[in-house]
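Student: prediction below, plus the sequence it came from.
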Amino acid sequence: MPQPKEGDSVKIVTDEEELEGILMPRPGILEQGFTVLKLKNGYNIGIDEKKIKKIELSQPYKPKKQEKRKLTAKKGLPTVAIISTGGTISSRIDYRTGGVYADYTAEDFVAMCPELADVANLKAKKLMNVMSEDLMPEDWQKMAREISAELKDVDGIVITQGTDTLHFTAAALSFFLRLDKPVVITAAQRSIDRGSSDAFMNLICSVTAAARFDGAGVYSCMHGTSSDDYCLLIRGTKVRKMHTSRRDAFRPINELPIAKVFPDGRIDVLNKRYDKRGQVEPKSDESFEEKTALIQTYPGMDPKVVDFYLKEGYKGLVIAATALGHVPTNCNKEIVTNLKKAIDKGVAVVIATQTLYGRVHPLVYTNLRKLSVELGCIFAEDMTPETAYAKLGWVLGHTTKHDEVKKMMLQNISGEINPRINADSFLY
Ligand code: GLU
């Protein structure tokens, strides 16, 4: 008799009773020693394994076979490759067990959203299947290599991933790739098998932008409002997730969105600061120094945090400091002493701001001058801490010489530094 597995219908006999239901995956946070059963009334109960006399298999779980549809080409349409990497947009709920699985691939997106086939001829590839909090710099490198390989044969690329770290991926790819076509990253806050999912409009608008937007480079494309009005195309180095769950969580920081993309195919440009298609020779350069960290200062911070990174051999540290770029300097002098020690040993220290909006300033206060002039911290202009982190990792992949690191960090490479912040961009 085979051992019952998760999803199987079973009968559990305990010292006190007999229970019928579906064997559930045990949530990791639950104490060990309990078996979870979904009863016929829908409730899940935990049964103390010490009390279980036997578990009998009544019916094994047979997952439904998913039909894979072939993608067929229509004459005259642009071609877009959709590369899926995981996240909610690729997840489905297993209604039997209530678990969420990252499972859908690009072919499934087309099957579920047939309008996509009227926007572009689609190629689909599942590159990986991970939740975005688990993405590593090496995954960004893998995505960059895949994009370079695919982009020659298509008009644009859509990457699907989890929302949580989409802005890290967007920034990293913006530094790794010089592009002559658009690469559009999209995601969903609600899984695609729910009626309220934002996935469909995000996919339609992203494929539209990848197929027909006249700009090149890396962008995000997600809901612009909480209704299904339009999506915002936002520069990869200027986008940030600003809400845990709203459909319009992705906002531009320190510049206007590049364009509104409507589900009917219209693209309204709002910000002309972008490179046009075909202007640069495409190139991939995905060197990244993994010993790069991002930390945040706060009142009461332990100065040993800085020491830790020095001892662990880190080459670069981005500090999300307060407002104009302050770190505690007077109440706890050891933070500055430790930063100096790190910089003297060759660690690049970059200052960005926790406020996200606005620009850090190396000179306006005495303690800022101490960090910039005396110590040699690099003030990251109006970059978000996440963009500064992706950029510093990439810069350190090329050089660790302080003057060169500083020069590259302060040189605008992929739209990450906006010399004039438009007042209307605040809380856009
Ligand atoms: N935390 C997961 C991720 O970022 C799921 C959330 C999502 O996709 O929006 O991949």
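Tutor: That came through, no problem. Numbers count the residues shown, from 1 in each chain.
Student: identify the residue nearest His326 in space, chain neighbours excluded?
Tutor: Computed as CB to CB, 6 or more residues apart in numbering, the closest residue to His326 that is not its neighbour in sequence is Asn367, at 6.3 Å. The C-beta positions use only the backbone N, C-alpha and C, and glycine is treated the same way.
Student: most centrally placed residue in the protein?
Tutor: What sits nearest the mean C-alpha location of the chain, by CA atoms, centre = their mean, is Leu166, with 1.9 Å.
Student: what sits closest to it if chain neighbours are left out?
Tutor: Using CB to CB, 6+ apart, the closest residue to Leu166 is Ala187 (5.4 Å).
Student: wait, Thr355 sits on Ala323?
Tutor: Yes. Contact criterion CB atoms under 8 Å: Thr355 and Ala323 qualify, at 5.6 Å.
Student: so the closest residue to the ligand within the chain: helix, strand or coil?
Tutor: For the chain, the residue closest to the ligand is Gly162, as judged by CB to the nearest ligand atom, at 1.7 Å. Three-state call for Gly162 (DSSP: H, G, I helix; E, B strand; the rest coil): coil.
Student: low-scoring stretches of this structure, by residue?
Tutor: Residue ranges of the chain with pLDDT under 70: 1-2, 26-31, 63-70, 93-103, 106.
Student: tell me which parts of it are close to the ligand?
Tutor: Taking CB under 6 Å from any ligand atom, the part of the chain that reaches the ligand is made up of 87-88, 131-133, 162-164, 187, 189.
Student: give me the three-state assignment for Val349.
Tutor: Three-state call for Val349 (three-state DSSP): strand.
Student: so how far is Phe308 from the closest residue to it other than its chain neighbours?
Tutor: The shortest distance from Val349 to any non-neighbouring residue, by CB to CB, 6+ apart, is to Cys377 (4.7 Å). Cys377 sits 18 Å away from Phe308, going by CB to CB, to the nearest Å.
Student: which one of these two is surrounded by more residues?
Tutor: Set side by side, Cys377 and Phe308 show more neighbours around Cys377, with 27 against 13, by other CB atoms under 10 Å.
Student: ranges for the helices of the stretch 151-300 of the chain?
Tutor: With DSSP state H, counting those that start in this stretch as the criterion, the stretch 151-300 of the chain has helices at 166-176, 199-212.
Student: mind putting these in CSV, distance to Met242 included?
Tutor: Shown next, in CSV, are the helices of the stretch 151-300 of the chain (distance: least, CB to CB, whole Å):
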stretch, distance to Met242
helix 166-176, 9
helix 199-212, 16
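Student: any idea how many residues pack against the closest residue to Asn422 other than its chain neighbours?
Tutor: Nearest non-adjacent residue to Asn422, counting by CB to CB, 6+ apart: Leu256, 5.7 Å away. When neighbours are defined as other CB under 10 Å, Leu256 has 20 of them.
Student: go on, Leu363?
Tutor: 12.
Student: and for the spatially closest residue to it that is not a sequence neighbour, the neighbour number?
Tutor: Nearest residue to Leu363, sequence neighbours excluded (CB to CB, 6+ apart): Arg369, at 5.6 Å. When neighbours are defined as other CB under 10 Å, Arg369 has 13 of them.
Student: in which helix or strand does Arg369 reside?
Tutor: helix 366-369 (DSSP states H and E).
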